[in-house]
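> requesting a structural model of the entry that follows:
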Amino acid sequence: MKQQHISTYFIKSFLILLVFCVSVHAQNDSIQKTVNDSIKIKEKYGLRVGGDISKLVRSFLDDDYKGFEIVADYRLKKRLYIAGEIGTEEKNTVNDYLNITTKGSYIKGGIDYNLYQNWLDMDNMIYSGFRIGASSFSQNLNSYTIYTTNQYYPPFSSSDLTEFKGLTAIWAEVILGIKAQVLTNLYFGLNVQLKFLASETEPDNFINVYIPGFNKTYDSSGIGVGYGYTISYRIPLYKKDK
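Numbers count the residues shown, from 1 in each chain. All right, here's what the predicted structure looks like:
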């Protein structure tokens, strides 16, 4: 009789343990499913639009410069973006021999590729890019001095305004930069640009010392450099699983 009670006790204990194990397993499955659902991160796709704040700051601080640029990109794939810029610049170049005012507009278009692998719901970029740029501009020769080594003839100076209109330039550039999300859909970025001049129209007996969008021509070497500090906002249009 005593053995029967012991057997009954073990059977009941086994059944209780079995029910407990099944319950724990079911709870673990439920928790795992919740965790799996929670880590399904959605990546945002949409149009990101902003401006180059470095040009605005420079316009405020530099009396010889005025500029404005709009930047935009659109996410095509996980790491691939189409991107572009459009802007205007007016630059007064003054040295010992020349006083020139260059003004015009430009447009650039190309692609950016994100080299950075984001964690979870991060949305930052370390990117490289490529652009084709084109500019239409004019140059006003405000004054100039012709230097001479002949001691009997002093340098010749003129302040007659000469205007050269309808000038154009086309170039290619490579970009390296970063964009960091500082608030939801709000991004701060910086980039550097290396530019290669492909073609330009030049005034008669003169050179282009500055090209809007391309910047300084560095003694007609065909190479230019640039930089930008941007702030932009992404308009989320849809999402995809990360």
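> and this structure, what are its domains?
Domain assignment of the chain by automatic domain parsing yields the ranges 1-39, 42-241.
> pick out the shakiest of those, pLDDT-wise.
Mean pLDDT values for those show the minimum at domain 1-39, a mean of 49.
> how about the strands of this protein, start to end?
Along the chain, the stretches classed as strands by DSSP state E are 42-52, 65-75, 80-94, 98-114, 125-146, 156-158, 162-183, 186-200, 210-211, 215-216, 223-241.
> which residues touch the closest residue to residue 107 other than its chain neighbours?
Computed as Cβ to Cβ, 6 or more residues apart in numbering, the closest residue to residue 107 that is not its neighbour in sequence is residue 86, at 4.8 Å. For glycine as for every other residue, the C-beta is placed from the backbone atoms N, C-alpha and C. By Cβ atoms under 8 Å, 6 or more residues apart in numbering, the residues touching residue 86 are 69, 70, 105, 106, 107, 108.
> same question, residue 110
Here residue 110 is in contact with 82, 83, 84, 129, 130, 131, 132 (criterion: Cβ under 8 Å, 6+ apart).
> hang on, the fourth one packs against residue 175?
Yes - between residue 129 and residue 175 there is a contact at 3.9 Å, judged by Cβ atoms under 8 Å.
> so what sits against both of those two?
With Cβ under 8 Å, 6+ apart as the test, residue 129 and residue 175 both reach 112, 191.
> winner for burial among the strands of the chain?
With neighbours defined as mean count of other Cβ atoms under 10 Å, these peak in mean count at strand 210-211, which reaches a mean of 24.
> contacts for that one next, please.
91, 93, 100, 102, 104, 135, 137, 169, 171, 197, 200, 216-217, 224.
> what's the closest of these to residue 113?
Closest approach between the contacts of strand 210-211 and residue 113, by Cβ to Cβ: residue 171, at 20.2 Å.
> show me what that closest one bridges to in the sheet.
Per DSSP bridges, the residues bridged to residue 171 are residue 133, residue 197.
> so it makes contact with residue 196?
Yes - Residue 171 lies in contact with residue 196 (Cβ under 8 Å); the separation is 6.0 Å.
> need the residues touching each of those two.
residue 224.
> circling back: what would the contacts of residue 110 look like in a markdown table with distance to residue 234?
Below are the contacts of residue 110 laid out as a markdown table (distance: Cβ to Cβ, whole Å):
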| residue | distance to residue 234 |
| --- | --- |
| 82 | 14 |
| 83 | 13 |
| 84 | 15 |
| 129 | 17 |
| 130 | 21 |
| 131 | 20 |
| 132 | 24 |
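> okay, and the beta partners of residue 72?
Assigned bridge partners for residue 72, using DSSP bridges, are residue 49, residue 84.
> from residue 201, how far out is it?
Distance from residue 72 to residue 201, counting by Cβ to Cβ, to the nearest Å: 28 Å.
> sweet, I'm off.
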